[in-house]
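**Q** coordinates only, sequence not included:
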């Protein structure tokens, strides 16, 4: 799929495909209305006339065409370019058309009769994109010569040349008020320019490779881009901040556009699909405040209604996850509370602290039931077995310890790590224990005998977190080397390495169904991953500082994060952005949103 555009009323969508067709879809019924076959090859770009009655196409054979958008009848060809036409854009009043071509020229045509009015020469490379300004008085064009030229649309004079990109300029877009110009480049960046002076106002960086398209929202406050890295991204025009990543295409995103009301984004991908997304797809829905220092750990009851958190302010808190109300505060530790877990039956929580103790608390009353001093100065990790009968703890003494959860009796000590152990967890069936240490290893242990089954070597720095998959066949580890690694528990071999975080990865956890992973990092983000492919699905931004913990609620509906900013954030675990995915190959496929 090469291109996609909305009709002005937002109720229809046009697309240009690899198979040499252009199609118009009804967004209300999600059915195809019109299909046209492009003469002499494929269409690279499509654009509705301002009144939505016609559709322009930019054609491989060096022509542009105008089609009746109601029945697909050819109205007119615009012939004159000597090579492929990449871009079509009508003037605001619909009387003219500007085209950009591989022949290094920009041309302006009279729509009424197809007559060529202007031929703009000045680029030394293929011209990828050209567009009229909102008032129709200027034209901007972007070229493989890495420049953008602003032209007078009346006489074709060059008004300004914008230099700053390091490679091809694939797309240009005017702001709604005509005061700014946005560009997308092969150099991996977007540019925001003053077209009158040629000054670069802001650069937007985030795509990992070529950026192929850019467009403003109608209010001029956001940009949407499509890239070779298989993502579309939404940006804040005023700050340059990346607001949202839209991930789902399996190949490059060639085009991305806002709907007229700014509520959706349509993308055209090299995977031959058109996808519709919510443009305001931030999944965060609540922020809980109450802790007075870093939030280090979080856990929920199995029904997903109660949240427990631990923080550096010497306290643990119990929250109503639906309302965000603090139900009770657990006080008693004399140092930072590093870890917390909720019993499987939802009646108790266990906490571990830098005061050298772990404690069990009644979840309903907040009363302390049991206390043990262990692990020297710090208990970094404490959690339940799935049946609730045992605890596993880890700490600064480099040991992992197993306990009877009813009596607090120590059952077994697991020795082998040479430095403090920062995390430990039971496998789902309770037969194994996994641990993560500052000695740059993770280890798998036989819970019944205490013998070491595997030493997991691969991280090049401290391993901060370990989590078993729900079926127990894999474990994921998070390291200070910025990596997440997935291991096979039977052999101890590495299955996958997940890259994306820009700094230390502090925590990692599986979703209850095992299909996804969530991680947190000192790069101030949490990230959602596809567990099978290792593909990054979503970046969760919102914390002001390091994100210390991220995990799914036990019902799988939400993601809980806690950060250096003293806040707990609750996010919807369902991918929020994509609302539909359609394949162009068969009109019937449009009726089945993905």
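**A** Yes, it's here. Remember, predicted model here, so these are calculated numbers, not experimental data.
**Q** run a quick neighbour tally on residue 79.
**A** 15 (other CB atoms under 10 Å). In this view, the C-beta of every residue, glycine as well, is placed from N, C-alpha and C.
**Q** these two touch, right, it and residue 62?
**A** Yes - Residue 79 sits in contact with residue 62 when judged by CB atoms under 8 Å, with a separation of 7.3 Å.
**Q** what pairs with residue 538 across the strands?
**A** Beta-bridge partners recorded for residue 538 (DSSP bridges): residue 528.
**Q** with residue 423 instead?
**A** For residue 423, the beta-bridge partners are residue 436 (DSSP bridges).
**Q** for it, list the residues it contacts.
**A** Under the criterion of CB atoms under 8 Å, 6 or more residues apart in numbering, the contact list for residue 423 reads 380, 381, 394, 435, 436, 463, 464, 465, 466.
**Q** repeat for residue 12
**A** So residue 12 contacts 6, 24, 25, 26, 27, 33, 48, 52, 69 (CB under 8 Å, 6+ apart).
**Q** quick one: buried ones out of the residues you listed?
**A** Neighbour counting by 16 or more other CB atoms under 10 Å classes 6, 24, 25, 27, 33, 48, 52, 69 among the contacts of residue 12 as buried.
**Q** please name the nearest non-neighbouring residue to the first one.
**A** So the one you mean is residue 6. Using CB to CB, 6 or more residues apart in numbering and skipping residues adjacent in sequence, the residue nearest residue 6 is residue 259, 5.4 Å away.
**Q** which parts of the protein are helices?
**A** Shown for the chain, no helices are assigned by DSSP state H.
**Q** my read: residue 366 touches residue 328, true?
**A** Yes - if you go by CB under 8 Å, residue 366 and residue 328 touch, sitting 4.2 Å apart.
**Q** touching both of these two, which residues are there?
**A** Taking CB under 8 Å, 6+ apart as the criterion, residue 366 and residue 328 both touch residue 318.
**Q** circling back: rebuild the contacts of residue 423 as a markdown table, extending it with distance to residue 114, pLDDT and neighbour count.
**A** Listed next are the contacts of residue 423 as a markdown table, based on distance: CB to CB, whole Å; pLDDT from 0 to 100; neighbours: other CB atoms under 10 Å:
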| residue | distance to residue 114 | pLDDT | neighbour count |
| --- | --- | --- | --- |
| 380 | 74 | 98 | 25 |
| 381 | 73 | 98 | 26 |
| 394 | 76 | 98 | 31 |
| 435 | 74 | 98 | 28 |
| 436 | 69 | 98 | 32 |
| 463 | 67 | 98 | 30 |
| 464 | 66 | 98 | 24 |
| 465 | 65 | 98 | 26 |
| 466 | 67 | 98 | 29 |
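**Q** looking at these, which are in strands?
**A** 380, 381, 394, 435, 436, 463, 464, 465, 466 (DSSP state E).
**Q** closest one of those to residue 540?
**A** Nearest to residue 540 among the ones in strands among the contacts of residue 423, counting by CB to CB, is residue 465 at 16.6 Å.
**Q** I'd like to know which helix or strand in this structure has the lowest mean pLDDT.
**A** Lowest mean confidence among the helices and strands of the chain (mean pLDDT, DSSP states H and E): strand 578-583, at a mean of 46.
**Q** low-confidence stretches in the protein?
**A** By pLDDT under 70, the low-scoring segments of the chain are 281-285, 574-594.
**Q** centre of the chain to the edge, which residue is at the far end?
**A** Distance from the C-alpha centroid of the chain peaks at residue 113, with 46.1 Å (CA atoms, centre = their mean).
**Q** tell me, how many residues neighbour the closest residue in space to it that isn't next to it in sequence?
**A** Excluding its sequence neighbours, the residue lying closest to residue 113 (CB to CB, 6+ apart) is residue 76, at 7.8 Å. Other residues within reach of residue 76, judged by other CB under 10 Å, total 18.
**Q** run through the bridge partners of the nearest residue to residue 381 once chain neighbours are set aside.
**A** For residue 381, the nearest residue in space outside its immediate sequence neighbours is residue 394; the separation is 4.2 Å by CB to CB, 6+ apart. Using DSSP bridges, the beta-bridge partners of residue 394 come out as residue 381, residue 400.
**Q** residues contacting residue 394?
**A** With contact taken as CB under 8 Å, 6+ apart, residue 394 is in contact with 375, 379, 380, 381, 382, 400, 401, 421, 422, 423, 424, 435.
**Q** hmm, 10 Å instead?
**A** Going by CB atoms under 10 Å, 6 or more residues apart in numbering, residue 394 touches 339, 352, 375, 378-383, 400-401, 414, 417, 420-425, 433, 435-437, 466.
**Q** cool, residue 301 as well?
**A** So residue 301 contacts 307-308, 318, 321, 342-347, 349, 363, 553-555 (CB under 10 Å, 6+ apart).
**Q** put the buried members of those residues into a ChimeraX selection.
**A** Remark: buried members of these, expressed as a ChimeraX selection using 16+ other CB under 10 Å:
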select :307,308,318,321,342,343,344,346,349,363,553,554
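**Q** so what's residue 44 up against?
**A** 2-3, 16, 38, 57-60, 84-88, 100, 102, 128, 254-255.
**Q** one more pass at 6 Å, please.
**A** By CB atoms under 6 Å, 6 or more residues apart in numbering, residue 44 lies in contact with 2, 58, 86.
**Q** of these, closest to residue 569?
**A** Distances from residue 569 to the contacts of residue 44, taken as CB to CB, are shortest for residue 2 (38.7 Å).
**Q** quick one: the closest residue to the closest one other than its chain neighbours from residue 411, how far?
**A** Nearest residue to residue 2 in three dimensions, chain neighbours excluded: residue 16, at 4.5 Å (CB to CB, 6+ apart). Noted for residue 16: a distance of 66 Å to residue 411, by CB to CB, to the nearest Å.
**Q** which of the two has more neighbours?
**A** residue 16 (31 against 15).
**Q** lovely, talk soon.
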